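Structure here, sequence nowhere to be found:
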């Protein structure tokens, strides 16, 4: 699973994936941008983002359609846009993107549709998580990063940075103090030595900060 898929699965597991969850929409937008940064599809110049290049047709590369859609709506090379604006703009499009991410999880047999229900004049689809073990595995990885001397990979680092801005509570209240201190350490220091992973870690931290700022701006 890529970053937005992992974050959305955690939201379903925590029963916080409702349609009107604005923090989650912002979090998913940040997760999409974080995944594109980690995949080196877009670049960050200070607080601004842009595409690295136009999409190139290659039989060796298959684009995730949600990531491709987001990629194409980012400014091209030489036309950078503040990261905060990119996050907010993409989050507004989550009305269309979030259902697509949900369908991806259904295709992976991680979610199942439970039928349609009516709420006043609005119809919407309900989904339930079918494999809690998948979400629990993500949580277990994060706990190992937090409570054991393991360095997180870029996606783990990004998820850690996006949990709070996305409005999720992954850790228990008893774990709270230890988690807060350890996550501050992890998010503020490079713990991955190789160049590629370090670049991904830097992108993840930047994404977490921009999401937090966006949530505050829309509150």
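Nice, I can see it. Treat the numbers as computed from the prediction; the structure is a model and nothing was measured.

show me what contacts residue 163?
10, 169-170 (Cβ atoms under 8 Å, 6 or more residues apart in numbering). From N, CA and C alone the C-beta is placed, and that goes for glycine too.

can you give me the strands in this protein?
Secondary structure of the chain (DSSP state E): strands at 42-45, 48-51, 81-82, 111-119, 122-129.

Among those, show me which one is buried the most.
When the strands of the chain are scored by mean count of other Cβ atoms under 10 Å, the highest mean neighbour count falls to strand 48-51 (a mean of 20).

which stretches of the chain form helices?
All helices of the chain, identified by DSSP state H, fall at 3-13, 22-38, 65-72, 83-92, 94-107, 132-147, 154-163, 176-188, 195-218.

show me the contacts for the residue nearest the centre of the chain.
In the chain, the residue lying closest to the centroid (Cα atoms, centre = their mean) is residue 31, at 2.2 Å. Residues in contact with residue 31, defined by Cβ under 8 Å, 6+ apart, are 3-4, 6-7, 158-159, 162, 166, 207.

can you put these in TSV and add distance to residue 146, pLDDT and neighbour count?
What follows is the contacts of residue 31, written out as TSV (distance: Cβ to Cβ, whole Å; pLDDT from 0 to 100; neighbours: other Cβ atoms under 10 Å):
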residue	distance to residue 146	pLDDT	neighbour count
3	18	90	28
4	22	93	29
6	16	95	23
7	17	93	27
158	15	79	31
159	12	82	27
162	15	80	27
166	17	80	27
207	19	55	31
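
of those, closest to residue 81?
residue 207 (14.6 Å; Cβ to Cβ).

coming back round to it: select from the contacts of residue 163 the one having the most neighbours.
residue 10 (26 neighbours; other Cβ atoms under 10 Å).

what does the model give it for pLDDT?
The per-residue pLDDT reported for residue 10 equals 94.

Does it touch residue 138 like I think?
Yes. Using Cβ atoms under 8 Å, residue 10 is in contact with residue 138, at 6.2 Å.

Overlap of the contact sets of those two?
With Cβ under 8 Å, 6+ apart, residue 10 and residue 138 have common neighbours residue 159.

now the contacts of residue 163 as CSV including distance to residue 178?
Converted to CSV, these look like this (distance: Cβ to Cβ, whole Å):
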residue, distance to residue 178
10, 20
169, 15
170, 13
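
hang on, the earlier thing: what's the farthest-apart pair in the contacts of residue 31?
6 and 207, at 13.7 Å, using Cβ to Cβ across the contacts of residue 31.

In TSV: the strands of the chain, plus distance to residue 73 and mean pLDDT.
Below are these laid out as TSV (distance: least, Cβ to Cβ, whole Å; pLDDT from 0 to 100):
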stretch	distance to residue 73	mean pLDDT
strand 42-45	11	81
strand 48-51	10	85
strand 81-82	10	83
strand 111-119	25	72
strand 122-129	25	76
